[in-house]
Every structure is written in structure tokens, then in C-alpha cells.
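Peer 1: Need the 3D shape of this:
(one chain, ligands or ions: 2)
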Amino acid sequence: MHRITSSKAIHGIHSSASILHGSRSRLFSQSRTVVVTRAPLSTRSFCSCSYIACAQDSGLPPNNSTNEGDVPVDGWERTIDGLPDYTAEPRGRAKGVEWKLRAKGRNFVDFCRIKVSGGQGGDGCVSFHREKFVAFGQPNGGNGGRGGNVIFEASSNETSLQHIPHTAAAPRGVHGKGSLMHGHAGKDLIIKIPMGTIIREVPSPEKEKTPGEEEEDDPFHKSLQLGELEAKEREMSKRWVLYPRMTNSLTTLPEGKVNYFEEAQAWVAEEDRIVEARRAAMNKKPLLLDVNEHTEDGTTFLVARGGGGGYGNPHFLTTQNRAPKYATRGREGQTRWLTLELKTIADAGLVGLPNAGKSTFLQAVSNAHPAIAPYPFTTLNPYIGTVDYPDSYQVKVADIPGLIRGAHRNIGLGHSFLRHVERSKVLVYVIDIAAEFGVKRQVKGVDDWSPEEEYQENDSELENKEELPTQDQQHSKSDSEYSQPFEDWKTLLAELEAYQPGLTRRPSMIIANKADVTEVAPKNFQLFEKLVQEEWVKRRAAASSSSSSPSADFDIKIVPVSAKYKKNIVKVTSILREIVEAEKAKEDAAFKRKEQREQQEEEEASVLKATRRNILHNPHKSEE
Ligand SMILES: Nc1nc2c(ncn2[C@@H]2O[C@H](COP(=O)(O)OP(=O)(O)OP(=O)(O)O)[C@@H](O)[C@H]2O)c(=O)[nH]1
Ligand SMILES: [Mg+2]
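Peer 2: Numbering: from 1, shown residues only. Ligands and ions are numbered 1, 2, ... in the order given. Below you'll find the model as predicted:
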């Protein structure tokens, strides 16, 4: 359905024609609004209508279908009760959601692989000074420039890894030229990466063949059988730039004549050996970088070095050899295979089931405007908002897509988003306190999944079965002792624990959202609070008895809130600030302690080094 609006009354034919015309119109999804602006009089014609499509504001009230028979804004047909009918064929925006659901969140790129290669160095040049009346001019070939480096730059403006290419190769250095013209260095390739990225070096997925090797395997090339001299020349040309007719130097020279080229080869081989040893020492450990909250914006990380430039022929000039007819080629740049993983950095992460009101809460407390709608999986990418306090203090809050039972097994939007919870200092559980027992909350494409079957399949995780009660178990409880919000909270805890053990012991608080639904919320809240406190005491006791795991040594606070009508928001934000500040102070103290320890270790190492050096240089003095 296209709803067409325009600033002036437009002729019906214009609107319908402009939508039908051209392939662009096909790009508009059904639930989008097409604004047709009127063209100037002189150019007003069928084709001159320019149109702008703007995405439908997703924050519209739930049932805003305009006329009878229209599809509501969320794209789902309604049942007789007015609830979205997920069994019907989705339309418009709902289709988009379904597509994203099928993609399991892969459209938001927070993990990628990249092959980075530094540029090859430019070749040196073999050249001699030529001038009228100057016989036998001196060698004047320039050196090649070094290859460009591949550099990662931490940037707070980047939010995803979408722009990261599969391969990134820095340009090579420019070759040297005659008249001692050295080549330019290759430009560094700078790739911006978002804060919160973890860079890991991984082994090369394929064994790359050198061009020579490829040819050797090829039967056609095998049959060609190069002559000995040709083969030698070819081998030489990989490392050396040879002057024309230099082949003489490659063969054995007559007796009494010194082969200076052999001498030069020995020097270069020695230098190659040193460079290789240095590279090997540097690359002993695979690269591991963490662009965390302590990293400043604009910090750079060199991930692949460019190769050094080749030497021009003056480099090989000696008192004996006055006309060296060879120069070296540039070195290969460094090649690495890396994985980049983005874990959103925020002070607090909103964790909740779909439709709990996480985005509504974020909008109520911060300057963010996330999509809000009355159907599950409205939020498909993590979204960060900043809560501003009157004294300019700021807390970053991340709205994370809804988790459902089995999220850690890639159900729903999958576990791809659980990694974004990992870096939040504080967890804020957003619970729909108006959720009623027995009202099954349908989630398209998820309801057909049976947790029991999954758990039976995998014995090793049977202990989680206890955490996730089956539907029958839930129904066996009497209504008075059963609390849907409490079950929801336990589902969240189980999912987080299954994803990363110990995650739930992070400082946390609970927001009992939708407290404005007065028919059910007050009764639900009382029971919920009681059950949560009982459960929390149990968990604390269990954690403190097991020495291996640190206990969640804090009281969990539960605040009733109405995010939609902005009730109790100040109370929540002040509690949130308290928790975040306490956690930050703890982290800063730990970071300072770590820094001090490292500094101390460095000082001790340098003192030890100096003492050793003293003993080596003045052995007698130390004996005295
Ligand atoms: N009555 C009431 N409705 C609310 C409140 N907060 C959110 N809602 C409604 O609940 C629905 C879902 O809200 P969202 O903020 O999109 O929920 P969400 O948790 O972000 O959902 P996902 O992004 O799908 O995970 C919307 O229709 C909101 O208007 C509240 O405090 N009271
Ligand atoms: Mg949301």
C-alpha cells in the first residue's frame, strides 16, 4: 500500500503514474510513504515528478490502520482480538523483519575476516650517469620506496564492521629511477574500526602458492624445460634487477677475474637473514588487539608492515667494483589473516525479551530514537543512547535486540547479539510486568521450536533444562504462585549464563516496565518482587559456597517503571548512575593497579638488564 501525500493537491494521475513509473518505485516497500513533490510549472510533466521515499515512522500507535482493509503499520494482519496474526502472510515492514530474522542478525556486521597485506617495496634502479664528454659516468640508480603499511584506526564514529573489506592491500613503493631519484614510499592504507573491536590473528586459511610454484605444477610449464642459464636468470630476477647483458656475471668468470656479483649476493643474503629473524621475533605471538574503553579515539595500530625498498646500484659501489650492474628488488610486504569482532561498549546493557519495552525505555531516558513497535524483534541491531545528567555526567546505555529462550543456540535473532551484552558493565533487565500467565506470546518462526527436544539431543547441557521449565511444568503451577515476569527474568538469566558462565553475576538491576497497565501490574509486581528476592538470596548463597565462582555480592533492585509514559524514570536513572559509578571506580582502580604493576615490572627488568650489562663489561669491578 502506498500512501501518497503532497504539499499541494496533486492530480491523481501524477501520483499513480509516478509510482508505476521506473524501477525506483519498485524499491519502495508497501508500508512506506511516498511524498510526491510538485515539479515547477515549466517542467511539469509525467516524468518530471520527483519523489522522495521516507521510511515509515515506526513509533506509531499499534493499530493505526487508516481504512478498513488496510494493513496496520507493523505489516501483520490482526486477529479478532486485535493482536498481530503471525500465521498470516506478512506484508510490508513485517516482511522485512522476517527477512532479517531469517538472516539471524547477519545483516548487522559485527564479525568479519580480513586479509591484510603491506605493500611491496619499490625496486632499486640500475643506472649510470651519462653526459657528453664524461666517459664512464658513475652509478646513479635510485633506491625503491618502501611499501605502504596497513593501519587500523580506532574511531568512535564507526558503529559496525560493514565497511571492512575482505582483503586490504596497501600500495607498493615506487621504483627508483636514474639520476639518484629514489622512489616514493607507498601510501599507508588506513582502515577505521569501531571502538570495542577485538582483532585476532588467525592462521592462513589457504597455502598461497608463489607464482614459481604454480608454474612448476603446471604440466605445460614443466614441458618447457628452461635452460640452466635461463633458469638461473629467472631465479635471480626475483631478488635482483640486472643490467642488460649481465648474464656474463652469472656464469663463471675467467680465472683472475673477481665475481663482484657473488660478493653482493652474500651481503644481501646476510641482510635478508637478519630481516627474516627480526620479523620472526616480532611475529612470535599472533596479533591480539583490543580496542576497549581505555583506547583513545584516533589511536592507530599497525597490522601489516610494508616491505622495504630495493637498493639502487650505487649501494654496491666499492673501491674495486666501480660499475655495479645490479640493484635489488623491493621486499614483500607482511601478510596477515585477521578476524575482527565487535563487542559494543556501553556502561549499561538493556536485556529483555522481545517487546518488553527496551527501546521505549532507552528513548525515555536518553536522546536516542530507536524503532519502537508492538511486535517482537523491532530492534535488530544494538543501539546506543546516552543518558545525560544535570551535572553533565553521562551513562551510555545499549539497547540490545530481544533475547528469547534458546537465543544461545541461535534461536530467534541468534546469539550474535549476546556478544554485545558482554562488554556492558551493568546489566539492566527489562521485564514486562504486565505479562500475564497463560497468554502465549507468539514469536514468528520461533514457536515451532521445542526446547525439550533440543535439550534431549544434547546431554551435556541437560543441567540447563532445570533453568528452562517446560510449558507443562509452568502450567502445573497454580496461578497464585506463578509469575510470568519472574519466568521471563529466569529465562534471561539462563540464556546469559548459557552464553557465558558468570555473566549474570555482573552488577545489575531490574526494570519492571509497563507498570501503567494497572489491571495486572500491581499484583504481578508484588509477586515478582517476592520471587526475585527469594531467588537472588538462593543464588548468592550458591555462588558463595562454590569457591571457584565470584558471588553476585549485591542486592538486586527492582523498580516499577512506565517507559511509555515516562514514570519513575528519574529514580531508575539515579539508581543506574550509582551502580555504574561504583563499577567504574572499581574498574579504574583495577586498571591503575595493573598499570602500576606493569611499570614496576618494567623498572625491575631494566635494573636487572643494567646490572647484567655492568657485570659483563666490568667483571673485575663486580668481583671486588
Ligand atoms: N503500556 C505500556 N506499553 C509500553 C511500555 N513500554 C513499551 N510499551 C509498548 O510495548 C511495545 C514494545 O516496545 P519496544 O520498546 O519496541 O520493545 P522492545 O523490547 O524494544 O522490543 P524488541 O525490539 O522487539 O526486542 C510497544 O508497542 C510499546 O509502545 C510501557 O511502559 N507501558
Ligand atoms: Mg527494541
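Peer 1: The residue in the stretch 151-300 of the chain positioned nearest to ligand 2: neighbour count?
Peer 2: Residue of the stretch 151-300 of the chain nearest ligand 2, by C-beta to the ion: Thr159 (16.4 Å). In this view, the C-beta of every residue, glycine as well, is placed from N, C-alpha and C. By the measure other C-beta atoms under 10 Å, the count of residues near Thr159 is 18.
Peer 1: So for the closest residue to it other than its chain neighbours, what's the pLDDT?
Peer 2: The shortest distance from Thr159 to any non-neighbouring residue, by C-beta to C-beta, 6 or more residues apart in numbering, is to Pro194 (5.6 Å). Looking at Pro194, its pLDDT reads 90.
Peer 1: Ser155 is in contact with Pro194, correct?
Peer 2: Yes. Look at Pro194 against Ser155 with C-beta atoms under 8 Å: they come within range, at 6.6 Å.
Peer 1: Look at these two and report which has more neighbours.
Peer 2: Pro194 (23 against 18).
Peer 1: re the thing from before, what's the spacing between the residue nearest to Thr159 and Val421?
Peer 2: 17 Å (C-beta to C-beta, to the nearest Å).
Peer 1: which residue does the stretch 201-350 of the chain bring closest to ligand 2?
Peer 2: At 8.5 Å from ligand 2, Leu350 is the closest residue in the stretch 201-350 of the chain, using C-beta to the ion.
Peer 1: So which bits of the stretch 301-450 of the chain are right by ligand 1?
Peer 2: By C-beta under 6 Å from any ligand atom, the residues of the stretch 301-450 of the chain that approach ligand 1 are 352, 354-360, 372-374, 376-379, 401-402.
Peer 1: Go through these and flag which are in strands.
Peer 2: Among those, DSSP state E puts Gly352 in strands.
Peer 1: if we look at ligand 2, which of the residues of the stretch 301-450 of the chain next to ligand 1 are close to it?
Peer 2: Among those, the residues within reach of ligand 2 (C-beta under 5 Å from the ion) are 359, 378-379.
Peer 1: Select from those the one having the most neighbours.
Peer 2: Highest count within these by other C-beta under 10 Å belongs to Ser359, 28 neighbours.
Peer 1: Show the pLDDT at Lys232.
Peer 2: 72.
Peer 1: what about the strands in the stretch 51-200 of the chain?
Peer 2: 111-117, 150-155, 167-169, 189-194, 197-202 (DSSP state E, counting those that start in this stretch).
Peer 1: winner for burial among these?
Peer 2: Mean neighbours per residue, mean count of other C-beta atoms under 10 Å, is largest over the strands of the stretch 51-200 of the chain for strand 150-155, with a mean of 21.
Peer 1: tilt between that one and strand 189-194?
Peer 2: 30 degrees (axes from the mean of the first three to the mean of the last three C-alpha atoms, to 10 degrees).
Peer 1: how about the longest helix that the chain contains against ligand 1, any contact?
Peer 2: As assigned by DSSP state H, the longest helix anywhere in the chain is helix 569-617. No. If you take C-beta under 6 Å from any ligand atom as the test, helix 569-617 misses ligand 1, and the best it gets is 10.3 Å.
Peer 1: That helix - contacts with which helices or strands?
Peer 2: strand 348-352, helix 358-365, strand 383-388, strand 394-399, strand 426-432, strand 508-513, strand 557-560, helix 619-623 (3 or more C-beta pairs under 8 Å, 6 or more residues apart in numbering; DSSP states H and E).
Peer 1: So which of the ones you listed is nearest Thr611?
Peer 2: helix 619-623 (8.7 Å; C-beta to C-beta).
Peer 1: Could you give the average pLDDT over the closest one?
Peer 2: pLDDT averaged over helix 619-623 gives 58.
Peer 1: Next: stretch 486-493.
Peer 2: 87.
Peer 1: Check stretch 351-367 too.
Peer 2: Stretch 351-367 comes out at a mean pLDDT of 87.
Peer 1: Quote the end-to-end distance of that stretch.
Peer 2: Counting by C-alpha to C-alpha, to the nearest Å, you get 19 Å between the two ends of stretch 351-367.
Peer 1: List the buried residues of that stretch.
Peer 2: 351-366 (16 or more other C-beta atoms under 10 Å).
Peer 1: Just give me the closest of those to Glu535.
Peer 2: Checking the buried residues of stretch 351-367 against Glu535 by C-beta to C-beta gives Val351 as the nearest, at 16.3 Å.
Peer 1: tell me the contacts of that closest one?
Peer 2: Residues in contact with Val351, defined by C-beta atoms under 8 Å, 6 or more residues apart in numbering, are 358, 400, 403, 421, 427-430, 492, 496.
Peer 1: Mind splitting this structure into its structural domains?
Peer 2: 3-102, 111-342, 348-586 (automatic domain parsing).
Peer 1: By mean pLDDT, show me the worst of these.
Peer 2: domain 3-102 has the lowest average pLDDT among the domains of the chain, namely a mean of 43.
Peer 1: Identify the residue of the stretch 501-624 of the chain closest to ligand 2, quick one.
Peer 2: Ala563 (10.9 Å).
Peer 1: hang on, the earlier thing: now tabulate the strands of the stretch 51-200 of the chain in CSV and tack on distance to Leu302.
Peer 2: Formatted as CSV, the strands of the stretch 51-200 of the chain follow (distance: least, C-beta to C-beta, whole Å):
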stretch, distance to Leu302
strand 111-117, 10
strand 150-155, 6
strand 167-169, 13
strand 189-194, 11
strand 197-202, 12
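Peer 1: I'd like those written out as JSON lines, with distance to ligand 2 added.
Peer 2: JSON lines is the format used below for those (distance: least, C-beta to the ion, whole Å):
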{"stretch": "strand 111-117", "distance to ligand 2": "22"}
{"stretch": "strand 150-155", "distance to ligand 2": "26"}
{"stretch": "strand 167-169", "distance to ligand 2": "34"}
{"stretch": "strand 189-194", "distance to ligand 2": "21"}
{"stretch": "strand 197-202", "distance to ligand 2": "24"}
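Peer 1: Those: which one's closest to Arg506?
Peer 2: Among the strands of the stretch 51-200 of the chain, strand 197-202 sits nearest to Arg506 (C-beta to C-beta), with 18.7 Å.
Peer 1: Given the closest one, what are its sheet partners and their directions?
Peer 2: Strand 197-202 has the following strand partners under DSSP bridges: strand 288-290 (antiparallel), strand 335-342 (antiparallel).
Peer 1: Residues touching it, excluding its own?
Peer 2: So strand 197-202 is in contact with 113, 152, 154, 161, 193, 286-291, 301, 303, 336-343, going by C-beta under 8 Å, 6+ apart.
Peer 1: Any quick ChimeraX command for the buried ones out of those?
Peer 2: Per 16+ other C-beta under 10 Å, the buried members of those correspond to this ChimeraX selection:
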select :152,154,161,193,287,289,291,301,303,336,337,338,340,342,343
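Peer 1: about what we covered before: from Gly352, how far off is the residue of the stretch 501-624 of the chain closest to ligand 2?
Peer 2: Taken as C-beta to C-beta, the span from Ala563 to Gly352 is 11 Å.
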